[in-house]
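>>> Provide a 3D model corresponding to the input given below.
(one chain, ligands or ions: 1)
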Amino acid sequence: MIGFDPAARAWASDADAAAEAAETDARLAGIPRLDGTLLRDDASLSAASDDYGHIVHQRPAAVLRPGSVRDVVAMVRFCNEHCVPVAPRGQGHAPFGQAQVPGGLVIETTPLAAIGPVGPDSTTVTVGAGARWSEVARATLAHGLTPPVFTDYIELSVGGTLSVGGLGGQTHRHGAQVDNVTELRVVTGAGELVRCSPTRRPDLFHAVLAGLGQCGIIVEATLRLVPAPANVRHYHLTYDDLATFLDDQRLLVQDGRFDYVEGQVTADAAGAFRVYTLEAVAYGPPAGPAPDDATLLRGLRHTPSGVRYEDRSYFDFLDRLAPLVAMLKEAGFWRYAHPWLNLMVPGTSAAGVSAPLLDALTPADVGPGVILFYPLLRERLTTPLLRTSDEPVSYLFDILGATPPDDTAAVDGRLAANRSAYEAAAAAGGTQYPVGSIPFTPADWRTHFGPAWPALKAAKQTYDPRGILVPGQGIF
Ligand SMILES: Cc1cc2nc3c(=O)[nH]c(=O)nc-3n(C[C@H](O)[C@H](O)[C@H](O)COP(=O)(O)OP(=O)(O)OC[C@H]3O[C@@H](n4cnc5c(N)ncnc54)[C@H](O)[C@@H]3O)c2cc1C
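Got it, this is the predicted structure:
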């Protein structure tokens, strides 16, 4: 049995509840009747005190596994009344405690995963926030349709990526995932269930997309759909010079000849991070023409021998990380700490900011992780809270390291390095993409949001007046 103690702003333990049976009954009268379950067992609380980073561990008092949106509304209202902090959790792939809530309530969104209906003429699909992007892709591809933008890893929840932005190699064409949402259903911090869009409660809509869960819990999102290609041609082009690699990425996103552009940096035989691989993907029919190598590769300055490509189905391309992730899980690397660095760097400073960071890296710093560059076009990014630089081209520069979890000195070293790297990026007019592990203060957040800060602050006061939502981001 579970009891809530308003004075302590916490749920009483099972032992307390047993000792104070009569009082517990009275307290329980306040907890709403639920279609789902409120969990307080050790396994559920421990799972909610961990995430993909395995660095931060904050234990909630309870976990809601909702049976309905009504449950989310009821429990958020209850928590709002008693000033209990709340955080929604999708796949728990944030790496630095962003979905954790000490002494509060974690709301799992995985049960809210309905998709559809969708048909061959659909221009949008409405999905539950807990649906994974892989599930959305499968459901829409059955009708030849697809959301236009995917993250590299597609087992993330829709609500989770829409709360951060959702960037992929298609972003230079279509913006971020948040730029492809036409409507949301949101439970505000006051426990109000609200439908919002660019024209209906736009202040809430713009405060929730890339809003890091601060003003509302997304329970449903309506996503734009476009025709999907059947197959794609995926090129890997090798460079031996960082500036040339970045210039070619810039050229490709500005002339738009490819549907997807990203790139990786790997270590050479001496352990120096100076092998650059540009990844570019051309969609085939019916979403694009049959790929023509000569036209697609014209004018690029990769090393002459450094061209390789494969043709694959569109879904296999979207799901390309599945075999690697299976291997990482099998080898135990998924359990490693992930002190991730994700920087948004202005195009003109990208080489200047990233080169010293790459020079300072050792293979041990990265471990079984990756280093990525995503070139982004400013004109395609329209969501106010998704912060980049004001330059026409920016780069998302990621050092996604993995460290043995018991090597706390190494983790602390990476966190300190992340902080310095953020400061170098900020000095050059950049910021972070907030999906990583950078020690950040409320003052840093105000700088981060810049001109978008007043609207976010006002929306927070309106929609989460008691400040209960998502304390793990450390913003308010
Ligand atoms: C292997 C891997 C690959 C990745 N690749 C990419 C990539 O290519 N591009 C990219 O942009 N990102 C990428 N990410 C980052 C990822 O998009 C974010 O960490 C995302 O938030 C994770 O989704 P989740 O469902 O695990 O969210 P969680 O970790 O569960 O939650 C993240 C944050 O969002 C909040 N939140 C969760 N659900 C909701 C909701 N319904 N409403 C409001 N707030 C909510 C949580 O409270 C928390 O603060 C990657 C992460 C991993 C681990």
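>>> When you work out contacts or count neighbours from here on, use the C-alpha atoms and nothing else.
OK.
>>> part of a strand, is residue 238?
Yes. Counting by DSSP: H, G, I helix; E, B strand; the rest coil, residue 238 is part of a strand.
>>> Surely it and residue 303 touch.
Yes. Assessed by CA atoms under 8 Å, residue 238 is found in contact with residue 303 at 5.9 Å.
>>> neighbour count winner among the two?
residue 238 (23 against 12; other CA atoms under 10 Å).
>>> what is the more buried one paired to in the beta sheet?
Note on residue 238: beta-bridge partners residue 277, judged by DSSP bridges.
>>> quick one: it and the ligand, what's the gap?
21 Å (CA to the nearest ligand atom, to the nearest Å).
>>> do the same with residue 120
Taken as CA to the nearest ligand atom, the span from residue 120 to the ligand is 27 Å.
>>> swap in residue 202?
In terms of CA to the nearest ligand atom, residue 202 sits 16 Å off from the ligand.
>>> do the same with residue 351
From residue 351 to the ligand the distance is 21 Å (CA to the nearest ligand atom).
>>> Let me see the confidence value for residue 8.
On pLDDT, residue 8 comes in at 45.
>>> Show me what from the stretch 51-200 of the chain comes close to the ligand.
87-94, 98-99, 129, 151-153, 156-157, 159-161, 163-168 (CA under 6 Å from any ligand atom).
>>> Buried residues in stretch 122-140, which are they?
For stretch 122-140, a neighbour-count test (16 or more other CA atoms under 10 Å) marks 122-137, 139-140 as buried.
>>> Which of those fall in strands?
124, 125, 126, 127, 128 (DSSP state E).
>>> Dump the residues you listed into TSV; add pLDDT and distance to residue 332 as well.
Converted to TSV, those look like this (pLDDT from 0 to 100; distance: CA to CA, whole Å):
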residue	pLDDT	distance to residue 332
124	98	39
125	98	36
126	98	36
127	98	32
128	98	31
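>>> of all those residues, which comes closest to residue 295?
residue 124 (32.6 Å; CA to CA).
>>> Tell me what the closest one is bridged to.
Those that pair with residue 124 in a beta bridge, by DSSP bridges, are residue 224.
>>> That one and the ligand, how far apart?
Residue 124 is 19 Å from the ligand, by CA to the nearest ligand atom.
>>> Determine how far stretch 243-259 lies from the middle of the whole chain.
Between the centre of stretch 243-259 and the centre of its chain there are 24 Å (CA atoms, centre = their mean, to the nearest Å).
>>> per-residue confidence averaged over it?
Stretch 243-259 comes out at a mean pLDDT of 98.
>>> And for stretch 41-58?
For stretch 41-58, the per-residue pLDDT averages 98.
>>> And that stretch, what's buried?
In stretch 41-58, counting by 16+ other CA under 10 Å, buried: 44-45, 48-58.
>>> End to end on it, go ahead and measure it.
15 Å (CA to CA, to the nearest Å).
>>> Also stretch 226-240?
36 Å.
>>> what does that stretch contact?
123, 141, 144-148, 245, 274-288, 291, 301-303, 306-314, 317 (CA atoms under 8 Å, 6 or more residues apart in numbering).
>>> Filter those residues down to the buried ones, ChimeraX style.
To isolate the buried subset of those in ChimeraX, counting by 16+ other CA under 10 Å, use the following:
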select :123,141,144,145,146,147,148,245,274,275,276,277,278,279,280,281,282,283,284,287,288,291,301,302,311,314,317
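>>> Just name the closest of the ones in strands among the buried residues of stretch 122-140 to the ligand, please.
residue 128 (8.5 Å; CA to the nearest ligand atom).
>>> contacting residues around that closest one?
112, 113, 114, 115, 158, 219, 220, 221.
>>> For the ligand, see how far away the second one is.
I take that to be residue 113. 10 Å.
>>> in what helix or strand does that residue lie?
Residue 113 belongs to no helix or strand when assigned by DSSP states H and E.
>>> quick one, what contacts the most centrally placed residue in the chain?
Geometric centre of the chain, nearest residue: residue 161, 3.8 Å, by CA atoms, centre = their mean. Residue 161 makes contact with 177, 210, according to CA under 8 Å, 6+ apart.
>>> do that again at 10 Å, thanks
Residue 161 sits next to 90-91, 93-94, 129, 132-133, 150-151, 167, 176-178, 209-210, 212, 435 when contact means CA atoms under 10 Å, 6 or more residues apart in numbering.
>>> again with residue 305
237, 238, 239.
>>> Output those residues in CSV; the columns should cover pLDDT.
Output for these, formatted as CSV (pLDDT from 0 to 100):
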residue, pLDDT
237, 98
238, 98
239, 98
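>>> and of the residues you listed, the nearest to residue 258?
Using CA to CA, the contacts of residue 305 come closest to residue 258 at residue 237, 13.3 Å.
>>> so how far is residue 249 from the closest one?
Residue 237 is 11 Å from residue 249, by CA to CA.
>>> Now do the shared contacts for these two.
With CA under 10 Å, 6+ apart, residue 237 and residue 249 have common neighbours 263, 278, 279, 280, 300.
>>> from those, which single one is nearest the ligand?
Closest to the ligand, out of all of those and judged by CA to the nearest ligand atom, is residue 263, at 11.6 Å.
>>> Report how many residues lie close to that closest one.
22.
>>> what's the span of stretch 175-186 from first residue to last?
22 Å.
>>> scratch that, stretch 398-408 is what I was asking about
With CA to CA, one end of stretch 398-408 sits 21 Å from the other.
>>> touching the ligand at all, it?
No. Against the ligand, stretch 398-408 shows no contacts by CA under 6 Å from any ligand atom, the least distance being 9.0 Å.
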